[in-house]
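Asker: return atomic coordinates for the entry below.
(one chain, ligands or ions: 1)
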Amino acid sequence: MKTCIIFYSYSGVTRSVAESLAASCGADLIEIHAKKPYSKLTAYTVGCMRARRGDADPIDRETIDVSPYDLVVIGTPVWAFRAAPPVNAATAALSGCNGKKAVLFATCGGKAGDTIEELKKTLIGKGLRITGDITFTKKDLDEDLKAGELAALVKAAEQA
Ligand SMILES: Cc1cc2nc3c(=O)[nH]c(=O)nc-3n(C[C@H](O)[C@H](O)[C@H](O)COP(=O)(O)O)c2cc1C
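Answerer: As a prediction, the model looks like this:
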């Protein structure tokens, strides 16, 4: 079973979750970078507006071919209750998704809004089968409240 973890991280939180997961389940990490990185100011102004609209930012890859993988994990930070715009670009760039399993995770300050539901709709549209999702708030991560739950979702998906 081959698994990849596709993620974007603005300030390191989502990256840290992705890296721990990769270490525990031996997945490949695919980090997405925005071609034009956000500053603190532009993240909260332009970035939030683009996130609300579901816009996709230019990113450092045109396609992300997941055909070598059996399971695709996608991680996003929450921006204005939605996925961050570079993640929208990553989902648009996915190819080879048909019938593959997927697990989603989001990290947020405390309120994720529609992030997972919207992401799910997009990914189902790409042909992925979502087998699990989890959202981590800052409290969850600071207090280690959901330790192991993401890895358990991945394990369950790998065995399904
Ligand atoms: C532009 C911006 C918008 C954000 N919007 C939300 C939000 O709507 N809800 C929330 O709970 N946290 C929000 N946050 C907090 C982040 O989702 C949270 O800190 C996340 O874990 C950061 O992940 P990262 O370090 O991988 O970028 C926002 C952060 C930024 C920079």
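Asker: where does the residue nearest the centre of the chain sit: helix, strand or coil?
Answerer: Central residue of the chain (C-alpha atoms, centre = their mean): residue 75, 1.8 Å from the mean position. Following DSSP: H, G, I helix; E, B strand; the rest coil, the label given to residue 75 is strand.
Asker: isn't it right up against residue 107?
Answerer: Yes: applying C-beta atoms under 8 Å, one finds residue 75 in contact with residue 107, separated by 7.3 Å. Where C-beta positions appear, they are placed from N, C-alpha and C, glycine not excepted.
Asker: now for the two: what residues contact both?
Answerer: The contact sets of residue 75 and residue 107 overlap at 14, 17 (C-beta atoms under 8 Å, 6 or more residues apart in numbering).
Asker: roughly how far apart are residue 126 and the ligand?
Answerer: 22 Å (C-beta to the nearest ligand atom, to the nearest Å).
Asker: cool, and residue 66?
Answerer: 21 Å.
Asker: correct me if wrong: that residue contacts residue 91.
Answerer: No: counting by C-beta under 8 Å, residue 66 does not reach residue 91; the two are 11.0 Å apart.
Asker: please export the alpha-carbon coordinates of the longest helix along the chain; PDB is fine.
Answerer: The helix that spans the most residues within the chain, counting by DSSP state H, is helix 13-25. C-alpha atoms of helix 13-25 as PDB (Å, rounded to 0.1, in the frame of the first residue of the first chain):
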ATOM      1  CA  VAL A  13       1.400  23.700  11.700                       C
ATOM      2  CA  THR A  14       0.000  21.600   8.900                       C
ATOM      3  CA  ARG A  15       3.600  20.700   7.800                       C
ATOM      4  CA  SER A  16       4.300  19.400  11.300                       C
ATOM      5  CA  VAL A  17       1.200  17.200  11.300                       C
ATOM      6  CA  ALA A  18       2.000  15.900   7.800                       C
ATOM      7  CA  GLU A  19       5.600  15.100   8.800                       C
ATOM      8  CA  SER A  20       4.600  13.200  11.900                       C
ATOM      9  CA  LEU A  21       2.100  11.200   9.900                       C
ATOM     10  CA  ALA A  22       4.700  10.400   7.200                       C
ATOM     11  CA  ALA A  23       7.100   9.300   9.900                       C
ATOM     12  CA  SER A  24       4.500   7.000  11.500                       C
ATOM     13  CA  CYS A  25       3.000   5.500   8.300                       C
END
